[in-house]
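J.: how would this look folded up:
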Amino acid sequence: MAAELTFGNLLDNTIRPQGNLTWSGQNLENIECVTEFVVMYRDADNETGSTTVLCPGYQILTSGQAFSCRYNLTEDMCGARLLVMIEAWTQNRMIQPSTIVTVNCDEPTPEQSSTEQGYANTNNDWQLPLVLASLQAFSNAAAQNKTDLSDELKWSCSWTEWSAWSSCSITCGGKGEVTRQRSHIGSRICTGKEEEKKDCHVNLCPVDCVLSLWGEWSSCSTSCGNGMRTRKRDVTQEAKNWGKECPRNIEEQEPCVEEDCAVDGSWSSWSRWGYCSQTCGHGSRSRSRTCTMPLPQNGGNDCVGANLETKDCIRRVCPPVDGKWSAWGRWSSCSRTCGKGEQRRVRTCTDPPATAGGRECTGERFQNNVCLLRRCSGEETTTQEIQTEENVPTLNVTKSLQTQTTSSIIEEIAMVYCETPPHVLGFLNPEVLLRNKTKMTNSSQAIQQGYTIKYTCSKGQVLDTHTNRRTFYLKCGDTGEYTRPAAWPTCRKATHCVGPVARPGEADDVYLPVPRRDSPVNTNVKYKCKQNTARTIYAGCFFDGRYRYDDNWPSCDQNPTPDLCKESGATENSSVIIAIPGLTTTSHGWLTSPDYPQLSSSKAACSWSVKAPYGYTLAFGIETLRGDSLNTTQPTLQISEKITHLPPRNVTLLDMGRTFITTDNSAVIRTLPGVDLAWRLSYLVVEPT
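T.: Model prediction:
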């Protein structure tokens, strides 16, 4: 380095943002041997800052011993102090003269402008770029040392090894590209390519199936009653090239009920004629029919015509029977609330009545009695007045007349009582209700006038299948007789659960049920879950005509019934017994086959043991029973009682909707091994008769 490196039109190291950098060969030794120039710069105040190329070697021009390159800085570098360095390679070593310059963005002075103009006028003298000038210098030196020059040229223009081929530009779908690169060392005028490309082929891209959203539900398949409705979704993109296939369930179905169908009632056949109402003399006999083939339902018309026919009958001429008096009835209430009054009792010639020319009863039909409840205000009643009544055979008083004063005689109120109510076949024990309609708890208490006797059908039966009414009442009248009906009501089996089922709230996770009202007995009610439409929870219409629900209703988070047959390690010819614990007098529930409602079978004979409290019985209702390749008479389940020696009762497909009532408090439900079945039955603890 012979001379100090300076830049700028005035050589004061002040440069413009854009312009030419010039320097002299005096700044470098052996300029003829320089193989490459590169002008670099960095922030002069940051020694660790990054270095940027200001003039690459192929842009540097030469004219004799002078060098120049065009540069371009950004305006945000105005006022910056830059360390400018010239990297030059000569004789296999690098020299790097440098100086600090300031970037001046102010308007140039006249002196600077004239200097720049003078520089521009001499610009025509600039000839080859430096790299070509260097080649010319190398050519002149070849005569002196050809071998050394050849090595130098080889060093200044040599390629690196090719890199490995890149990955294909696409992962699937046909034709793509792979590339590889190399770089050269020294001068940038080397011939050849820095990058090579070639084609690559890959498999076609897999395309998964795409489905549309579910469409709207279709109309119900029936205009009334139970039907089905469907909804679909379309395949918008078929699967290709081994993509994910379309699912099969592109159509869904669910039960629907538009409205209940009206069913007109129809008469059953006439019953046989009954016996004559009298054993002798004129009587009548009757026959009946019922409007139950079918019952009128959902607003259907009732049967037209009479349900009872009667005709006269006579068996033989009755012999004459003399009439006899019945027992005296109870005394009536006193005719006055104060002072002397009167009460009466009655007997009738009905024990027996006079018939077929027999003689009527003789004697008095009525008896009167004097009564005194209390003394009226301003009136005195003497003992003599009471005793002089000649028509009084008896006088009921609370205390002896001989021990009472005239003012303290009080007549006992003659209350009217009814006899103990009778037990009636098919009904529970009668209940006595007081005048305030509360139940009488003292069984030894006499039944007074105005009390009511309540009779309730036993074993879940009802009096009226249209309303499922279960009770009727008798009242103790003021004559000491019950107001008996013309004929005792008869209890019968319920046919439906009358009225609507329980409706879930808007916040509950289930839709409205199917069916929604008037379900036949021993059928289930289905509630489809909103979040998981593949799941359904159930309620049931029991044999006694009442809806019952699971304890967790209407939650969809119920745990599925475990397959205890499989979990118990049951094998062929083995028997697994599953006990249902803790039944009370009001318990109810359901038993289902494993995996219900799907079909399932087991190698073992599985049994469910159900036990009610002592003195109660069990009622089993067959809600669902189906299987593949079963005939209607083939046994599928067996119901047997533990204590009694009755043979097991076989359950077939014909027993759907039927009720089985045990004679004792325990029973066993047994499945037959190897039969594909789906079944659901209800159980209910039944009150004793």
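
J.: Pick out the residue nearest the middle of this protein.
T.: Closest residue to the average C-alpha location of the chain: Cys529 at 3.0 Å, with C-alpha atoms, centre = their mean.

J.: what secondary structure does Thr467 sit in?
T.: When classified by DSSP: H, G, I helix; E, B strand; the rest coil, Thr467 comes out as coil.

J.: Tell me how far Ala494 lies from Thr659.
T.: In this view, Ala494 and Thr659 are 10 Å apart by C-beta to C-beta, to the nearest Å. (Each C-beta comes from the backbone N, C-alpha and C, glycine too.)

J.: Among these two, which residue is more densely surrounded?
T.: Ala494 (24 against 21; other C-beta atoms under 10 Å).

J.: That one touches Gly545, doesn't it?
T.: Yes - here Ala494 reaches Gly545: they are 3.1 Å apart, a contact under C-beta atoms under 8 Å.

J.: shared neighbours, these two?
T.: Common neighbours of Ala494 and Gly545 are listed as 460, 462, 465, 468, 521 (criterion: C-beta atoms under 8 Å, 6 or more residues apart in numbering).

J.: What sits closest to the third one if chain neighbours are left out?
T.: With sequence-adjacent residues excluded and distances taken as C-beta to C-beta, 6 or more residues apart in numbering, Thr465 is closest to Thr495, at 4.9 Å.

J.: need the contact list for the residue nearest to the centre of the chain.
T.: So Cys529 contacts 509-511, 535-537, 556 (C-beta under 8 Å, 6+ apart).

J.: Which residue ranges of the stretch 301-450 of the chain form helices?
T.: 383-387 (DSSP state H, counting those that start in this stretch).

J.: now do the stretch 51-200 of the chain
T.: Using DSSP H, counting those that start in this stretch, the helices of the stretch 51-200 of the chain run over 110-121, 130-142, 146-156.

J.: in this protein, which helix or strand is least confident?
T.: helix 383-387 (a mean of 41; mean pLDDT, DSSP states H and E).

J.: circling back: now compare the shared contacts of Ala494 and Gly545 and name the two farthest from each other.
T.: Farthest apart among these by C-beta to C-beta are Gly460 and Thr465. That separation is 12.5 Å.

J.: Give me the common contacts of these two.
T.: 494, 545.

J.: When these two are compared, which one has more neighbours?
T.: Gly460 (21 against 18).

J.: Grab the nearest non-local neighbour of that one.
T.: With C-beta to C-beta, 6+ apart as the criterion, Gly460 has its nearest non-adjacent residue at 2.9 Å, and that residue is Asp544.

J.: residue contacts, that neighbour?
T.: For Asp544, the contacting residues are 460-462, 494, 521, 619, 684, by C-beta under 8 Å, 6+ apart.

J.: Need the phi and psi values for Asp655.
T.: Main-chain torsions, Asp655, degrees, to the nearest 10: phi -90, psi 10.

J.: before we move on, what about Glu254?
T.: Here is the backbone geometry of Glu254 (degrees, to the nearest 10): phi -150, psi 150.

J.: What of Glu419?
T.: Main-chain torsions, Glu419, degrees, to the nearest 10: phi -70, psi 170.

J.: Give me the pLDDT for it.
T.: At Glu419, the model reports a pLDDT of 88.

J.: any idea how far it lies from His496?
T.: Distance from Glu419 to His496, by C-beta to C-beta: 38 Å.

J.: which of those two has more neighbours?
T.: For Glu419 versus His496, neighbours defined as other C-beta under 10 Å are more numerous around His496 (18 against 11).

J.: count of neighbours near Thr467?
T.: Close neighbours of Thr467, defined as other C-beta under 10 Å, add up to 11.

J.: The helix or strand hosting Ser519: which residues count as buried?
T.: Element membership for Ser519, per DSSP states H and E: strand 517-520. By neighbour count with 16 or more other C-beta atoms under 10 Å, strand 517-520 contains the buried residues 517-519.

J.: Relative to Gly243, how far out is the nearest residue to Lys244 once chain neighbours are set aside?
T.: Using C-beta to C-beta, 6+ apart and skipping residues adjacent in sequence, the residue nearest Lys244 is Asp208, 4.0 Å away. Counting by C-beta to C-beta, the gap from Asp208 to Gly243 is 4 Å.

J.: Over to Gly329?
T.: Using C-beta to C-beta, Gly329 is found at 97 Å from Gly243.

J.: just Asp478 next, same as before
T.: Distance from Asp478 to Gly243, by C-beta to C-beta: 91 Å.

J.: Following element in sequence after the helix or strand containing Ile622, please.
T.: Counting by DSSP H and E, the element that carries Ile622 is strand 617-627. Moving toward the C-terminus from strand 617-627, the next helix or strand (DSSP H and E) is strand 637-641.

J.: Rounded mean pLDDT for that following strand, please.
T.: Averaging pLDDT along strand 637-641 gives 89.

J.: I'd like the distance from it to the chain centre, please.
T.: Distance of strand 637-641 from the chain centroid (C-alpha atoms, centre = their mean, to the nearest Å) equals 34 Å.

J.: To what extent is Pro554 buried, counted in neighbours?
T.: For Pro554, the tally of surrounding residues (other C-beta under 10 Å) stands at 19.

J.: who's in contact with it?
T.: By C-beta under 8 Å, 6+ apart, the contact set of Pro554 is 502, 504, 508-510, 527, 537.

J.: Same question for Thr99.
T.: 4-7, 13, 83-84.

J.: now Gly582
T.: Shown in contact with Gly582 (C-beta under 8 Å, 6+ apart): no residues.

J.: Backbone torsions only: list them for it.
T.: phi 70, psi 40.

J.: so Cys497 makes contact with Arg516?
T.: No - here Cys497 does not reach Arg516: they are 11.3 Å apart, not a contact under C-beta under 8 Å.

J.: And the strand holding Ile622, what's buried?
T.: Those would be 617-625, 627, for strand 617-627 by 16+ other C-beta under 10 Å.

J.: Stretch 250-260 now?
T.: Residues of stretch 250-260 classed as buried: 255-257, 260 (neighbour count, 16+ other C-beta under 10 Å).

J.: tell me the mean pLDDT over the strand or helix carrying Ile669?
T.: If you go by DSSP H and E, Ile669 is part of strand 666-671. On average, the pLDDT along strand 666-671 is 89.

J.: The strand holding Ser519 - which strands sit beside it in the sheet, and in what orientation?
T.: Strand 517-520 has its sheet partners listed here by DSSP bridges as strand 496-500 (antiparallel).

J.: Give the closest residue to Val202 in space, chain neighbours not counted.
T.: Once flanking residues are discounted, Val202 sits nearest to Cys172: 5.4 Å by C-beta to C-beta, 6+ apart.

J.: give the contact list for the one you found.
T.: Cys172 makes contact with 202-206, according to C-beta under 8 Å, 6+ apart.

J.: Inside strands: which ones of these?
T.: Within these, no residue falls in strands by DSSP state E.

J.: got these as TSV, with pLDDT, distance to Ile185 and neighbour count columns?
T.: Listed next are those as TSV, based on pLDDT from 0 to 100; distance: C-beta to C-beta, whole Å; neighbours: other C-beta atoms under 10 Å:
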residue	pLDDT	distance to Ile185	neighbour count
Val202	77	36	14
Asn203	79	41	11
Leu204	82	44	11
Cys205	87	42	14
Pro206	88	46	12
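
J.: where does the stretch 251-400 of the chain dip in pLDDT?
T.: For the stretch 251-400 of the chain, residues meeting the criterion pLDDT under 70 lie at 378-400.

J.: quick one: Gly265 from Thr290, how far?
T.: Distance of Gly265 to Thr290, given as C-beta to C-beta: 9 Å.

J.: before we move on, what about Thr230?
T.: Going from Thr230 to Thr290 by C-beta to C-beta gives 41 Å.

J.: The stretch 551-689 of the chain: strands as residue ranges?
T.: Along the stretch 551-689 of the chain, the stretches classed as strands by DSSP state E, counting those that start in this stretch are 575-580, 588-592, 605-611, 617-627, 637-641, 649-651, 659-661, 666-671, 677-686.
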